[in-house]
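Peer 1: Here is a sequence with its predicted model. Questions after.
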Amino acid sequence: MSEAHLNDPARHGAPVGTTVTVEVPASTGNVGPGFDSLGLALECRDTVRLTRLSSGLEFDLHGEAAGGGVPRTHEHLVLRAMQAAYDAAGAGSLPPLRLEAHNVIPHGRGMGSSASAVVAGVLAANAFLSAASRLTPDEVLQVCSRLEGHPDNVAPTLLGGLTVSYEEEGRFHSVPVSVHPDVVPVVAVPDFEVATAMARGLLPDTVAHRTAAVNAGRAALLVSALGGRPELLLPATFDLLHQPYRAQAMAPSAELMTRLRERGHAALISGAGPTVLTLVNGAEEAERAAAAIHEIAEDTASPAHSYRGQPVSWRVQILQVPREGAKVTVSTQ
Ligand SMILES: Nc1ncnc2c1ncn2[C@@H]1O[C@H](COP(=O)(O)OP(=O)(O)O)[C@@H](O)[C@H]1O
Ligand SMILES: N[C@@H](CCOP(=O)(O)O)C(=O)O
């Protein structure tokens, strides 16, 4: 590729030396009963920085993505997402790049790490593209949702807050919905992983009409509970559509969730698991829920205490729901 082509403004817009930084939040998909539809952003951000080079492909990975499981090739999920955006824009192949990532969102825990990587890649690509080739916000949602396979994580990652998403005739749509400021997310992240693809494979093809009716009612109630009636979060987070089928793959999480619900806390399996998310009503309940998680996990007689014969260690974090989704900044050398 010639130097002139690398700086082709019609394709890339941004010259060599341009750096795009994307700060991208975590998310919880489903939020209990809203399978593949409801999603809530979580204030826990990866920072992904892409710099246009004149040649080569460089990586500088820190945190979760620094381990051996993440490829240092064009197969890296952020780069695959960038390429998908370039394809959608008809912009050809990616320019030479340096990818620097600081990943704090845990992988394979149901906190939307893959969606965050996809959103980071698509938004970074869009910032590199010329104004004429750039994807619209709707096209960004389509590319991200298609790559992820479902829109419930990518929508809040893009928009922040709570989103209700649906698919119609092959296109994805997302509607932002307000979240009451008293709602606080408390996550209990275990030290074992469950791949989302595996957890999706545990779901049945069909469910009873009664099951669908229960979930429809609870998902509708949840939008109201999160919007202004947090006292209804416990009944509103009840799910029959996915959590019962996935419990076998994450017995400690299922047990922790059940024990927290018995104590009156609105606990659910975050995304496809195995993180347990508790949605609480105010800072005081957040402290009580965090204490309850530690107490249940330290009870050696509890199935929440061990996984495959080993003690489970739970990382408990009181988070916030960000109003703002992914943030993009562009700088030139
Ligand atoms: N920031 C990232 N950079 C590169 N790959 C990532 C990143 N985040 C997630 N992935 C890929 O996605 C996988 C996790 O995706 P998934 O099973 O859907 O779980 P999660 O609930 O964390 O999204 C990781 O094992 C890794 O292959
Ligand atoms: N609706 C999806 C959500 C998956 O979220 P993740 O964070 O576990 O990738 C599902 O339940 O499969």
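Peer 2: Alright, I've got the coordinates. Ligands and ions are numbered 1, 2, ... in the order given.
Peer 1: what's the neighbour count on the closest residue to ligand 2 within the stretch 201-333 of the chain?
Peer 2: Going by Cβ to the nearest ligand atom, ligand 2 is nearest to residue 271 of the stretch 201-333 of the chain, at 2.7 Å. Backbone N, C-alpha and C define where each C-beta goes, glycine included. For residue 271, the number of neighbouring residues by other Cβ atoms under 10 Å comes to 29.
Peer 1: where are the low-confidence patches of the stretch 1-150 of the chain?
Peer 2: Scanning the stretch 1-150 of the chain for pLDDT under 70 picks out 1-12.
Peer 1: So which residues on it come close to ligand 2?
Peer 2: 29, 30, 35, 36, 110, 111, 112, 114, 150 (Cβ under 6 Å from any ligand atom).
Peer 1: which residues sit in contact with the nearest residue to residue 44 once chain neighbours are set aside?
Peer 2: Once flanking residues are discounted, residue 44 sits nearest to residue 26: 4.4 Å by Cβ to Cβ, 6 or more residues apart in numbering. Contact analysis of residue 26 by Cβ atoms under 8 Å, 6 or more residues apart in numbering lists 41, 42, 43, 44, 45, 46, 105, 111, 112, 113, 116, 157.
Peer 1: hang on, the third one in a strand?
Peer 2: Meaning residue 43. Yes - counting by DSSP: H, G, I helix; E, B strand; the rest coil, residue 43 is located in a strand.
Peer 1: what's the spacing between it and residue 94?
Peer 2: The gap separating residue 43 from residue 94 is 30 Å, by Cβ to Cβ, to the nearest Å.
Peer 1: just the strands in this protein please.
Peer 2: Using DSSP state E, the strands of the chain run over 19-29, 38-52, 57-63, 97-103, 162-168, 171-177, 183-190, 266-269, 276-281, 306-307, 310-311, 314-318, 327-331.
Peer 1: Check these for me and report the most buried one.
Peer 2: Across these, the average number of neighbours (mean count of other Cβ atoms under 10 Å) peaks for strand 266-269, which reaches a mean of 28.
Peer 1: What pairs with that one, parallel or antiparallel?
Peer 2: Strand 266-269 pairs in its sheet with strand 276-281 (antiparallel), by DSSP bridges.
Peer 1: roughly how far out does the strand it pairs with sit from the chain middle?
Peer 2: 16 Å (Cα atoms, centre = their mean, to the nearest Å).
Peer 1: and the angle from that strand to strand 38-52?
Peer 2: For strand 276-281 against strand 38-52, the angle by axes from the mean of the first three to the mean of the last three Cα atoms, to 10 degrees is 110 degrees.
Peer 1: so what are the domain limits for this structure?
Peer 2: With domains defined by automatic domain parsing, the chain comprises 3-177+322-331, 183-318.
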